[in-house]
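> turn this into a structure:
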Amino acid sequence: MKHNIYRTISLTVFCWLWSSLFCLAQGTTSSEEIAPNPNLEVLGIPRIPASLAQQVKRYSGAYGLPLAGWDREKHVPLLKGMSSVAWVSRVNAPGAAPQTWLYLRESNIYDFYWQPQGKYLVYNRDVNGNEAFQMYNYDIEKRTSILLTDGKARSTEPVWSRAGTQIVYSSSPPSNNGVNLNLVSPLDPKSNRLLVTSTGNYLKAADWSPDDASVVYCEFIANTHSRLWLIEMATGKTRLLTPQDEVAYYSEPQFSADGKGIYVITDRDADMRRLVYLDLATKQCRYLMEDARWNVEEFRLSPNGKALAVVMNEAGLSRLSILDLENKRTKTITGIPNGIVSDLHWHSNSVDLAFNFKSSSAPNDVYSVDCNGGMVTQWARSTEAAAGNIAAPEAIQWKSFDGKLITGFLARPPASFRGKRPVIIDLHGGPTEQYRPTYGYEENFLINELGVVKIYPNVRGSSGFGKAFQALDDGLKREDAIKDVGALLDWIKAQPDLDADRVLVQGASYGGYLALSVAAQYSPRLRGVISDSGMTNLATFLARTEGWRRDIQRAEFGDERDAKMKAWLERIAPLHNAQQIKCPVFVVQGQNDPRVPVNEAESLVQALRQKKTPVWYLLGKNEGHGFADAANRDFQLYTSILFVQEYLLR
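Numbering: from 1, shown residues only. Sure, this is the predicted structure:
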């Protein structure tokens with residue numbers, strides 16, 4: 001899902017660059033050890049040798065700058081970077097070094113949103129990971145910014161009008177459940193006003209009509225349930241475009257060139273998400289592509305309205321196609337390596353299409369394709385660390401307790417490591433996310449230097465496998481996802497090259513909850529568990545997570561206000577089963593986390609300490625949902641590796 005509901009903040013690749021320059025000096029008390037900086041609180045963590053940082057440095061130095069769009073004056077892509085400052089660079093020729101064009105001397109910027117005419121860009125930023133994003137308009141010629149929002153309401157996902165004179169965006173006041181739509185002129189903050197009031201759900205604007213007379217927006221009720229609406233800007237009148245009682249998913253709606261219809265991704269009447277054309281006069285949907293085996297995850301209409309660039313997610317890998325809307329023919333683009341294609345940007349000529357590309361060996365490359373001739377050009381290549389060859393993960397599958405087939409990926413160390421190899425099971429968050437092969441930083445160190453096997457499961461509830469599979473862990477079925485990991489432990493035991501007596505499980509956010517739950521049920525089969533920003537009691541999590549996301553989380557996990565559901569959530573909570581967790585635990589948490597409040601981590605740490613269970617605790621006082629500060633992230637990395645060395649490898 002592209003909207004901001006489930007965004008998990010993680011360190012951008014740029015932070016690795018900055019950390020390699022000055023992190024060691026800031027965090028070192030002597031030449032032999034690294035101490036936490038003042039923004040970190042530690043409990044139970046032993047001293048970290050400085051030599052570890054030097055070993056990891058050659059792996060953490062890789063980075064790639066993501067695509068920011070096309071240069072309006074030159075036929076070349078723009079790249080963006082966001083770390084201690086934000087910047088935009090030009091790539092003047094394929095493979096050339098990026099040339100910095102624009103600096104925004106602000107920190108904590110989440111993303112840029114360009115005015116169609118190129119005179120302004122809007123960006124949003126928060127403070128220390130609190131996700132209370134505020135929105136600013138930046139005048140490119142004057143190099144000045146003005147605040148467009150009130151400094152209080154969470155303001156995200158701005159959408160420019162075609163004329164570049166107005167912006168619709170999502171706004172969630174601190175005291176309000178749900179997310180509204182607001183309207184503002186980028187040159188007049190005082191014009192900011194409420195446009196559509198939410199009834200408790202998440203509203204997200206998507207596109208303006210060609211004449212700027214209306215806006216199409218999504219109303220998200222749950223992970224798998226949303227509606228499409230149209231608002232007339234002159235009158236404020238709204239019109240529902242999809243059936244009121246239908247339970248289906250709609251996302252990324254875009255107006256057709258004539259404004260008479262909308263292209264949109266939906267799983268209406270299907271298990272997988274498909275691309276359809278919705279006629280605004282009749283509200284009838286027409287499917288545009290026949291292949292219903294995989295999800296459509298992204299598409300973009302060409303500026304002339306004659307073609308659609310479409311990305312399919314095929315078992316975790318991307319397939320890019322161009323659909324000619326005039327002759328109804330689809331052409332698959334070849335010449336792109338196996339990996340993940342995202343962030344499609346058409347050039348104004350409606351021929352050249354730029355995009356980001358990620359894989360297990362590339363943090364982020366930038367390509368373009370000539371959609372007439374099919375020629376693929378690589379503009380920007382990731383800067384690789386001196387880390388040797390990185391093998392692509394292989395697909396694996398196993399049967400769970402109920403016969404369901406569960407899939408994942410397995411990354412093996414070099415053949416020079418002999419004997420049965422220790423295993424780390426890495427559980428993704430969401431729950432409605434999907435592990436897809438991307439570049440690993442510390443993962444590559446663990447695999448290449450320590451000989452660890454990494455397994456990345458897509459347990460039930462993961463996206464990418466259809467809405468029926470995605471619903472298999474909802475509500476009272478939550479523990480079935482934990483049993484999927486139990487079945488994976490059985491699979492590991494049956495593999496002649498894997499050491500079932502040396503297994504560690506880890507995860508972030510919901511993945512952290514899963515990891516802790518697995519430890520509570522299968523502790524004798526584990527050497528340790530790492531939880532980063534993980535919930536420890538879904539009942540208290542639901543009651544205390546930020547109001548703008550609470551109802552959507554209830555649709556996934558269950559409503560804690562219902563006595564039966566609350567009792568169930570309390571019974572399965574890792575916090576209330578802490579006595580069953582016998583293996584060592586490493587807990588990481590941001591103090592300002594608006595998604596998983598800090599009390600979730602601290603309650604578990606206290607319970608484990610009372611039970612004399614070995615526990616390491618790392619708190620980031622200037623962090624939110626996942627560490628973003630370079631120095632903090634590096635210390636977390638070193639501590640995680642030390643934990644693995646101490647409890648998995650010895």
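> what strand or helix carries Phe220?
strand 214-222 (DSSP states H and E).
> oops, could you answer that again for Asn130 instead?
Under the criterion DSSP H and E, no helix or strand holds Asn130.
> same question, Phe445
Using DSSP H and E, Phe445 falls within helix 442-450.
> packing partners of that helix?
Judged by 3 or more C-beta pairs under 8 Å, 6 or more residues apart in numbering; DSSP states H and E, the packing partners of helix 442-450 are helix 50-60, strand 453-458, helix 630-647. C-beta here means a position set from N, CA and C on the backbone, and glycine is covered the same way.
> tell me the most buried of those?
strand 453-458 (a mean of 24; mean count of other C-beta atoms under 10 Å).
> off-centre distance for the helix or strand following that one?
Later in the chain than strand 453-458, the nearest helix or strand by DSSP H and E is helix 467-470. Mean-position distance between helix 467-470 and its chain equals 19 Å (C-alpha atoms, centre = their mean, to the nearest Å).
> related to what we said a few turns ago, kindly reformat the helices and strands packed on helix 442-450 as a markdown table containing distance to Asn137 and mean pLDDT.
As requested, those are exported to a markdown table (distance: least, C-beta to C-beta, whole Å; pLDDT from 0 to 100):
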| stretch | distance to Asn137 | mean pLDDT |
| --- | --- | --- |
| helix 50-60 | 35 | 86 |
| strand 453-458 | 40 | 98 |
| helix 630-647 | 28 | 95 |
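> tabulate those in TSV, adding columns for distance to Gln378.
As requested, the helices and strands packed on helix 442-450 are exported to TSV (distance: least, C-beta to C-beta, whole Å):
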stretch	distance to Gln378
helix 50-60	23
strand 453-458	27
helix 630-647	28
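> quick one: the helices in the chain?
Ranges of helices in the chain, per DSSP state H, are 13-27, 50-60, 442-450, 467-470, 478-493, 510-522, 538-544, 547-557, 563-572, 598-610, 630-647.
> relative orientation of the longest one and helix 50-60 in degrees?
What it means is helix 630-647. Between helix 630-647 and helix 50-60, the angle comes out at 110 degrees (axes from the mean of the first three to the mean of the last three C-alpha atoms, to 10 degrees).
> to the chain's geometric centre, what's the distance from helix 630-647?
Between the centre of helix 630-647 and the centre of its chain there are 22 Å (C-alpha atoms, centre = their mean).
> who are the neighbours of it, in terms of helices and strands?
Where contact means 3+ C-beta pairs under 8 Å, 6+ apart, helix 630-647 is packed against helix 13-27, strand 40-43, strand 48-49, helix 50-60, helix 442-450, strand 528-532, strand 585-590, strand 615-620.
> out of the helices of the chain, the one nearest Glu219 is which?
helix 547-557 (11.1 Å; C-beta to C-beta).
> list the buried ones in the closest one?
547-557 (16 or more other C-beta atoms under 10 Å).
> ok, now stretch 398-413?
In stretch 398-413, counting by 16+ other C-beta under 10 Å, buried: 398, 400, 404, 406-413.
> roughly how far does the nearest residue to Tyr510 once chain neighbours are set aside sit from Trp294?
Nearest non-adjacent residue to Tyr510, counting by C-beta to C-beta, 6 or more residues apart in numbering: Gly429, 4.4 Å away. Distance, Gly429 to Trp294, using C-beta to C-beta, to the nearest Å: 22 Å.
> neighbour count winner among the two?
Between Gly429 and Trp294, Gly429 has the larger neighbour count (other C-beta atoms under 10 Å), namely 24 against 19.
> tally of neighbours for the spatially closest residue to Arg525 that is not a sequence neighbour?
Closest residue to Arg525 apart from its sequence neighbours, by C-beta to C-beta, 6+ apart: Leu489 at 5.4 Å. A count of neighbours around Leu489, defined by other C-beta under 10 Å, yields 18.
> contacts only, for Leu489.
500, 503, 522, 525 (C-beta atoms under 8 Å, 6 or more residues apart in numbering).
> now the residues you listed in a markdown table, with neighbour count, pLDDT and distance to Gly164?
Listed next are those as a markdown table, based on neighbours: other C-beta atoms under 10 Å; pLDDT from 0 to 100; distance: C-beta to C-beta, whole Å:
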| residue | neighbour count | pLDDT | distance to Gly164 |
| --- | --- | --- | --- |
| Ala500 | 16 | 98 | 60 |
| Val503 | 25 | 99 | 55 |
| Tyr522 | 18 | 98 | 56 |
| Arg525 | 18 | 98 | 59 |
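> and the helix holding Phe445, how far out from the chain middle?
The chain centroid and the centroid of helix 442-450 are separated by 23 Å under C-alpha atoms, centre = their mean.
> dump that helix to PDB, keeping only the CA atoms.
Only the C-alpha atoms of helix 442-450 are listed here, as PDB (Å, rounded to 0.1, in the frame of the first residue of the first chain):
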ATOM      1  CA  GLU A 442      24.400  -6.100   8.200                       C
ATOM      2  CA  GLU A 443      22.700  -9.100   6.500                       C
ATOM      3  CA  ASN A 444      25.600  -9.300   4.000                       C
ATOM      4  CA  PHE A 445      28.100  -9.100   6.900                       C
ATOM      5  CA  LEU A 446      26.400 -11.900   8.800                       C
ATOM      6  CA  ILE A 447      26.200 -14.100   5.700                       C
ATOM      7  CA  ASN A 448      29.600 -13.500   4.100                       C
ATOM      8  CA  GLU A 449      31.800 -13.000   7.200                       C
ATOM      9  CA  LEU A 450      30.100 -15.100   9.900                       C
END
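> ok, residues contacting that helix?
Helix 442-450 has contacts (C-beta under 8 Å, 6+ apart) with 55-56, 59-60, 387-388, 390-391, 411-414, 424, 426, 440, 452-454, 637, 640-641, 644-645, 649.
> show me where the stretch 251-400 of the chain has its strands.
For the stretch 251-400 of the chain, the strands defined by DSSP state E, counting those that start in this stretch occupy 261-266, 274-279, 285-287, 295-301, 307-314, 317-324, 329-332, 340-346, 352-359, 362-370, 376-380, 394-399.
> below-threshold pLDDT in the chain: ranges please.
Within the chain, the stretches with pLDDT under 70 are 1-31, 83-84, 384-389.
> could you chop it up by domain?
Using automatic domain parsing, the domains assigned to the chain come out as 116-380, 397-647.
> which one of these is the most hemmed in?
Neighbour counts (mean count of other C-beta under 10 Å) averaged over each of these peak at domain 397-647, with a mean of 21.
> ok, the residue nearest to Gly335 when sequence neighbours are not counted - contacts?
Residue nearest to Gly335 in three dimensions, not counting chain neighbours: Val376, with 3.9 Å by C-beta to C-beta, 6+ apart. By C-beta under 8 Å, 6+ apart, the contact set of Val376 is 333-336, 367-369.
> try it again at 10 Å.
Neighbour list for Val376: 320, 333-337, 353, 357, 367-370 [criterion: C-beta atoms under 10 Å, 6 or more residues apart in numbering].
> which one of those residues is nearest Ile482?
Distance to Ile482 across the contacts of Val376 (C-beta to C-beta) is lowest for Phe357, with 34.3 Å.
> can I get the domains of the chain in TSV including distance to Glu106?
TSV is the format used below for these (distance: least, C-beta to C-beta, whole Å):
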stretch	distance to Glu106
domain 116-380	6
domain 397-647	14
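> chain center to stretch 582-602: distance?
19 Å.
> got the end-to-end distance for it?
18 Å (C-alpha to C-alpha, to the nearest Å).
> how about Gly507: what's its closest non-neighbour residue?
The shortest distance from Gly507 to any non-neighbouring residue, by C-beta to C-beta, 6+ apart, is to Leu427 (3.5 Å).
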